[in-house]
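*Asks:* mind looking at a prediction? Sequence and model below.
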Amino acid sequence: MKKIFGILIFTFVLSVVFATTIYDIQYTDVPGPDGFYPSPLDGEEVTVTGIVTGTNFGHDLYFFMSDPEGGAWHGIYVYDFVADPALGDEVEVTGTVSEYYGLTELGYCTVTILSSGNPVPDPIQVTTLNLVIPAQAEMYEGCLVEVNNVTVTEPQGEHGEWYIDDGSGECQVDDGFFYLDEVVPPIVITIGMDWAIIRGCVDFSYDEYGLHPRTPDDLIDVVSINENTVVPTSEFIGCYPNPFNPQTTAYLNLKNDSNVTINIYNIKGEMIRTLINENLSVGEHHVAWNGTDNNNNKVSSGIYFFETGIASENGDYTSVKKVILLK
């Protein structure tokens with residue numbers, strides 16, 4: 001009996017030590033004939049466990065998962081039709097490793113949820129250039145990453161893709177998890193817009209790596225709040241439509257009762273209009289500007305800046321947004 005028990009324990013230890021991991025599926029330094037990097041386990045059926053890092057990709061049940069420790073080479077996309085896991089779920093996935101036009105994925109899977117509410121691995125800090133060059137970007141495929149201090153270089157194209165640059169090189173951001181024009185207020189991407197942080201999961205499609213924010217909270221705007229920390233854009237002003245003619249609307253979502261001022265400046269830095277200066281209650285507020293100055297004169301077409309000051313018992317901050325008036 002002791003001998004049988006010992007054999008069972010030894011077998012269990014071997015299964016744990018030699019279990020396939022996401023890292024085993026993803027890691028390679030051998031490029032394929034197309035210059036991209038296929039999985040060394042391509043075509044094999046595997047069973048792996050991990051933590052769910054992004055859900056409802058492709059606006060469906062598909063998801064991303066990571067080895068619990070996170071890091072480069074530790075993420076993968078799961079193409080599944082049945083399970084509906086939540087962020088932070090620990091899952092066991094059995095499926096076939098495949099290369100779908102260069103994207104390593106697990107397909108035709110069975111998914112078992114082992115536990116819920118687990119910590120999601122921290123995003124990996126990368127540069128925009130890291131998500132462009134195949135030899136660098138491949139290690140982040142399927143992973144949750146973040147880029148810092150980026151500027152929009154191209155607005156959204158017809159398929160939802162837009163481009164950012166932190167000064168190292170231009171990379172793609174895409175809408176695999178949600179559509180920017182379907183959130184409230186809509187998020188409108190314009191050239192020159194700055195973001196402090198953009199987080200998301202990385203995929204590969206049409207010969208290009210893409211960073212996909214999971215929710216609007218993965219898009220963190222540049223603001224000044226006490227010691228210049230950053231907060232989600234959902235709390236602050238956004239203008240829609242932008243560019244506009246003849247009117248745009250500023251959206252505010254206040255988490256506390258606050259005193260709010262909105263001043264509008266022209267490209268010379270001259271204040272042309274005080275749009276609002278009053279106390280507002282917690283919640284969402286809409287403030288329209290019809291392109292006139294404080295004397296009710298129509299202003300010319302061009303670039304203008306909304307400077308928003310919000311003062312509450314939880315702190316003061318300001319936000320500056322650029323809008324474009326077209327005539």
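*Replies:* Nice, thanks for sending it over. For clarity, every value in this text was computed on a predicted model and none was experimentally measured.
*Asks:* hmm, who's touching stretch 291-299?
*Replies:* With contacts defined as C-beta atoms under 8 Å, 6 or more residues apart in numbering, stretch 291-299 is touched by 244-247, 266, 272-274, 325. Yep, even glycine has a C-beta here, placed from its N, CA and C like the rest.
*Asks:* now pLDDT, distance to residue 40 and neighbour count too, for those, in CSV please.
*Replies:* What follows is the contacts of stretch 291-299, written out as CSV (pLDDT from 0 to 100; distance: C-beta to C-beta, whole Å; neighbours: other C-beta atoms under 10 Å):
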residue, pLDDT, distance to residue 40, neighbour count
244, 87, 52, 19
245, 89, 55, 12
246, 91, 59, 12
247, 91, 57, 11
266, 88, 58, 16
272, 95, 62, 16
273, 96, 61, 21
274, 96, 63, 12
325, 91, 55, 20
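*Asks:* quick check: closest non-adjacent residue to the residue nearest the centre of the chain.
*Replies:* Centroid-nearest residue in the chain: residue 213, 1.9 Å away (criterion: C-alpha atoms, centre = their mean). Counting by C-beta to C-beta, 6 or more residues apart in numbering, residue 213 lies nearest to residue 200, which is 4.3 Å off, once chain neighbours are set aside.
*Asks:* what is the neighbour count of the one you found?
*Replies:* Counted with other C-beta atoms under 10 Å, residues neighbouring residue 200 total 26.
*Asks:* what does the one 3 residues further on give?
*Replies:* One way to gauge burial is a neighbour count; for residue 203, by other C-beta under 10 Å, it gives 25.
*Asks:* what sits opposite it in the beta ladder?
*Replies:* Taking DSSP bridges as the rule, residue 203 bridges to residue 210.
*Asks:* would you mind measuring from it to residue 175?
*Replies:* 12 Å (C-beta to C-beta, to the nearest Å).
*Asks:* what touches both of the two?
*Replies:* With C-beta under 8 Å, 6+ apart, residue 203 and residue 175 have common neighbours residue 212.
*Asks:* rewinding a little: surely the residue nearest to the centre of the chain meets residue 177?
*Replies:* Yes: assessed by C-beta atoms under 8 Å, residue 213 is found in contact with residue 177 at 6.6 Å.
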